[in-house]
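*Asks:* build me a structure from this.
(4 chains)
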Protein chains: 2
Amino acid sequence: MHPNGVPEVKSQVTDEVLVHRRRGQIIAAAVELFARQGFYRTTIQEIAKLAGVSSGLIYQYVSDKEDVLLLSLLSVLDSYKHEIPAAMEGLSDPLARYRAAVQAYCRVVDQRREATVLAYRSTKSLPEDRRQLIKNHEIETNGLIEAALRDCIAEGLFREVNVELVTYQLVTFAHSWALKYWRLKQLVTLEEYIAHGLDFFARALLTPKGWRHYSKLADAGTAGPPKAIAAKPRKQRRTASGT
Amino acid sequence: MHPNGVPEVKSQVTDEVLVHRRRGQIIAAAVELFARQGFYRTTIQEIAKLAGVSSGLIYQYVSDKEDVLLLSLLSVLDSYKHEIPAAMEGLSDPLARYRAAVQAYCRVVDQRREATVLAYRSTKSLPEDRRQLIKNHEIETNGLIEAALRDCIAEGLFREVNVELVTYQLVTFAHSWALKYWRLKQLVTLEEYIAHGLDFFARALLTPKGWRHYSKLADAGTAGPPKAIAAKPRKQRRTASGT
DNA sequence: CTTTGGAATGAATGATTATTCATTCAGCCG
DNA sequence: CGGCTGAATGAATAATCATTCATTCCAAAG
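*Replies:* You can find the predicted model right below:
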């Protein structure tokens, strides 16, 4: 929808390269501070200090504090949009691609945990029109998962379900790792979380034909731990009261 | 942990009944405004106006603006904690209780959609100690779902899974209705959403023995639409671009 | 009819902070 | 070299609000 990656947001400065570099600085600082303190608790002065520039400079690259937020959120969503296809690169088996997509999604969320939470918290702090931009990005990312799902269905590996709905469940599953990290980390590791999720969704989605493929995949270890996915219901239970 | 429902938050006013009534007014106004505009965009003056009191009065019943937020969030979580057991009242079959719990959760979330989103957005705006209070409430509510799940497992209707993890998936499923309403409403109705979810989780969780019970339940119509749960993958697809 | 004290009011205060802008700086060109 | 131009600075400005508090209200008690 826009030539380079940065739409709508205007800058006083003309030098493309400089704009890119400076915005990079600003956004890096902003994401960190927004994630830690939230949008409203963070001042432009703080961002400027952390970015190593003056407060006035920021307004040469951005027209609002809200623009800083918008750019920050877009940078997070962009990391989704890059990592997921990257993880699927080279895989052709639909099931393997599906698994890779979900795994990748969970892992990016883990890497950018605070930032993911930021996206949930702060999107509404944006005026309607800019918020729309964010939603579009989200829909676009979902499209990656959706496509993987559809392929599995087309191959008869997954049963016919409402794809969009299941996509949302998958996306939500990934996001939850960040949103509920405070509790989940007491229960499982990231990899366990992913394994549990893949197993869970598999049971809900696979056709008999799908199961056969799936078992082969799992044994081959294309991704994820080979077996014993669901066998241990009790494990790290007690940790809850011990912290 | 506390005699009445309102812990920690101090009031200048001594009359218990009055405190209860006034806080009710204040919270009702606050929840509405916070949900619509967010915490920081909402001023105490606005809350006062909507509640039909003076701005100064609020500080007789609360020590902070943050306390207003705390009370607001607690009121939302309390509605969960009430509605869910209420919906399970009288049901003894574990599967029926489980279904009722999930349904009830989704429906409260739907009723208090904006408020649910508020909880996600604003919990971090609270200082650590008050935030802890919220988390405890959440864990408590989850306990309701968890118990229902455990019963189903104990009866051999559900397979042995990591109960806490699955609980989070269920909770998340309910919350997502509010968090992603902007998109989901284009895809399905609330009841369809619930039906889809129950079916999906059923497939992932039921044992063969469980399936037999489940079919009976569904036919008897204890809750939810009797049949045709999974049969229609395509349906309201097109709506997306039409709005 | 006073008195008294808890409730309620809302104008005034004091901080905080987004945003501006007069000024300085640095490189480049003729 | 001057003189320009686009970048960068950061102090000053202007608003916005949470919070306070001097005052008023009111109902019950004496």
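
*Asks:* what about the helices in chain A?
*Replies:* A:16-37, A:44-51, A:55-61, A:65-88, A:94-111, A:113-122, A:128-154, A:163-179, A:181-187, A:190-205, A:208-220 (DSSP state H).

*Asks:* can I get these in CSV with mean neighbour count, mean pLDDT and distance to DNA strand C?
*Replies:* From N, CA and C alone the C-beta is placed, and that goes for glycine too. Output for the helices of chain A, formatted as CSV (neighbours: other CB atoms under 10 Å in any protein chain shown; pLDDT from 0 to 100; distance: least, CB to the nearest atom of the strand, whole Å):
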stretch, mean neighbour count, mean pLDDT, distance to DNA strand C
helix A:16-37, 18, 90, 10
helix A:44-51, 18, 94, 4
helix A:55-61, 17, 91, 4
helix A:65-88, 20, 95, 4
helix A:94-111, 22, 97, 28
helix A:113-122, 20, 94, 13
helix A:128-154, 16, 94, 13
helix A:163-179, 22, 97, 25
helix A:181-187, 16, 95, 25
helix A:190-205, 20, 98, 34
helix A:208-220, 14, 84, 50
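
*Asks:* residues making contact with stretch A:129-147?
*Replies:* Residues lying outside stretch A:129-147 but in contact with it, judged by CB atoms under 8 Å, 6 or more residues apart in numbering or on different chains, are A:1, A:7-8, A:66-67, A:70, A:73-74, A:77-78, A:80-81, A:84-85, A:88, A:101-102, A:105, A:119, A:123-124, A:126, A:163-164, A:167-168, A:170-171, B:182-183.

*Asks:* do the same with stretch A:86-96
*Replies:* The contact list for stretch A:86-96, computed with CB under 8 Å, 6+ apart, reads A:97, A:100-101, A:103-104, A:107, A:144, A:148, A:151-152, A:154-155, A:157, A:210, A:213-214, A:217, A:222-223.

*Asks:* 6 Å instead, please
*Replies:* A:97, A:100, A:101, A:104, A:151, A:152, A:155, A:157, A:213, A:217, A:222 (CB atoms under 6 Å, 6 or more residues apart in numbering or on different chains).

*Asks:* which one among those gets closest to residue A:193?
*Replies:* residue A:104 (13.9 Å; CB to CB).

*Asks:* doesn't residue A:83 make contact with the closest one?
*Replies:* Yes. Assessed by CB atoms under 6 Å, residue A:104 is found in contact with residue A:83 at 5.4 Å.

*Asks:* and stretch A:113-126, does that touch chain B?
*Replies:* Yes. In terms of CB under 6 Å from any CB of the partner chain, part of stretch A:113-126 sits within range of chain B, namely A:120, A:121, A:124.

*Asks:* residue of chain A closest to DNA strand C, please.
*Replies:* Relative to DNA strand C, the nearest point of chain A is residue A:43 (3.2 Å; CB to the nearest atom of the strand).

*Asks:* burial of that residue, as a residue count?
*Replies:* 13 (other CB atoms under 10 Å in any protein chain shown).

*Asks:* and for residue A:63, the neighbour number?
*Replies:* Per other CB under 10 Å, the neighbour tally for residue A:63 reads 14.

*Asks:* excluding chain neighbours, give the residue nearest to it in space.
*Replies:* Nearest non-adjacent residue to residue A:63, counting by CB to CB, 6 or more residues apart in numbering or on different chains: residue A:10, 5.7 Å away.

*Asks:* which parts of chain A sit against chain B?
*Replies:* Counting by CB under 6 Å from any CB, chain A sits next to chain B at A:40, A:120-121, A:124, A:160-162, A:164-165, A:168, A:172, A:176, A:180, A:187, A:196, A:200, A:203-204, A:233.

*Asks:* and residue A:90, its phi and psi?
*Replies:* Here is the backbone geometry of residue A:90 (degrees, to the nearest 10): phi 90, psi -20.

*Asks:* and stretch A:202-213, end to end?
*Replies:* Start-to-end span of stretch A:202-213 (CA to CA, to the nearest Å) is 11 Å.

*Asks:* chain center to it: distance?
*Replies:* Stretch A:202-213 sits 26 Å away from the centroid of its parent chain (CA atoms, centre = their mean, to the nearest Å).
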